[in-house]
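1. quick check, what structure comes out for this input:
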Amino acid sequence: MKTIKSCVCIIMATLLMGVTYAQEKTVEVGGAAMYPSKNIVQNAVNSKDHTVLVEAVKAAGLVSTLESAGPFTVFAPTNTAFNMLPQGTVNNLLKPENKATLTGILTYHVVAGKLDSKELDRLIKAGKGTAELTTVQGGKLWVMMKGKKIVLKDEKGGMATVTIKDVYQSNGVIHVIDHVVMHK
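-> Next comes the predicted model:
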């Protein structure tokens, strides 16, 4: 009898969780629904457009950080963005001896706080067209509008465009970008 009650409880919990997910406003990224009730890592692992980013986050030992309460704003480069780097760069960065460099690059894509597009727009207007953000790595990113698109400028002058904005997470927000941004 106790086993039957346990099974019924598990089934009910699973059904309720399914109903909760079905009621959430999701954004599709990389062919997968991103659920606002899940954290950054729980969602990112399902995006087939972010397999390189997920592999890099694991190699850098940042999984537990990005699963924590945050909140974080993550500018998430796609696999295509990583593939634009010189040949061999990603494989080299994934080596254990390059963990510190990889960590620096990844944390340069993260800003403390939950900066959705409305907040970025407010900051851009307050900055008279450009907002300066301090990354978790300690570097600077500049955010501006190019037409109706949000654009990032990195410390080396490189540019990245937000291709999917406002992917809400339980511990922040993700903005998908089309280039890897680099610090000095």
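
2. name the helices or strands packed onto the strand or helix carrying Ala33?
-> Secondary structure assigned from DSSP states H and E places Ala33 in strand 32-34. The contact analysis (3 or more C-beta pairs under 8 Å, 6 or more residues apart in numbering; DSSP states H and E) places strand 32-34 against strand 27-29, strand 159-169. For the C-beta atoms, the positions are set from N, CA and C on the backbone; glycine is no exception.

3. list the buried residues for the first one?
-> Yep, that's strand 27-29 we're talking about. 27, 29 (16 or more other C-beta atoms under 10 Å).

4. check stretch 40-54 too.
-> Those buried within stretch 40-54 under the rule 16+ other C-beta under 10 Å are 40-47, 49-50, 52-54.

5. any idea of the mean pLDDT in that stretch?
-> Averaging pLDDT along stretch 40-54 gives 87.

6. picking that back up, which among the buried residues of stretch 40-54 gets closest to Asn98?
-> Val52 (14.8 Å; C-beta to C-beta).

7. what about the spatially closest residue to the closest one that is not a sequence neighbour, helix or strand, and which?
-> Excluding the flanking residues, the one nearest Val52 by C-beta to C-beta, 6 or more residues apart in numbering is Phe82, at 4.4 Å. Using DSSP H and E, Phe82 sits in helix 79-83.

8. other SSEs contacting that helix?
-> helix 51-59.

9. output the lowest mean pLDDT helix or strand found in this structure.
-> When the helices and strands of the chain are scored by mean pLDDT, DSSP states H and E, helix 2-23 comes last with a mean of 50.

10. returning to that earlier point: which residues touch the residue nearest to Val52?
-> Taking C-beta atoms under 8 Å, 6 or more residues apart in numbering, we find Phe82 in contact with 52-53, 56, 90, 180.

11. so where's the chain shaky on pLDDT?
-> 1-24 (pLDDT under 70).

12. if you set the cut-off to 50 instead, what comes out?
-> 7, 9, 15-16, 18-22 (pLDDT under 50).

13. would you mark the buried spots in stretch 105-124?
-> Buried residues in stretch 105-124, counting neighbours by 16+ other C-beta under 10 Å, are found at 105-111, 115-116, 120, 124.

14. out of the helices and strands packed on strand 32-34, which one sits most buried?
-> Stretch with highest mean neighbour count among the helices and strands packed on strand 32-34: strand 159-169 (a mean of 19; mean count of other C-beta atoms under 10 Å).

15. listing partners with orientation, what would you give for that one?
-> strand 149-153 (antiparallel), strand 172-177 (antiparallel) (DSSP bridges).

16. for it, which outside residues touch it?
-> So strand 159-169 is in contact with 27, 29, 34, 36, 38-40, 43, 75, 77-78, 81, 116-117, 146, 149-154, 173-181, going by C-beta under 8 Å, 6+ apart.
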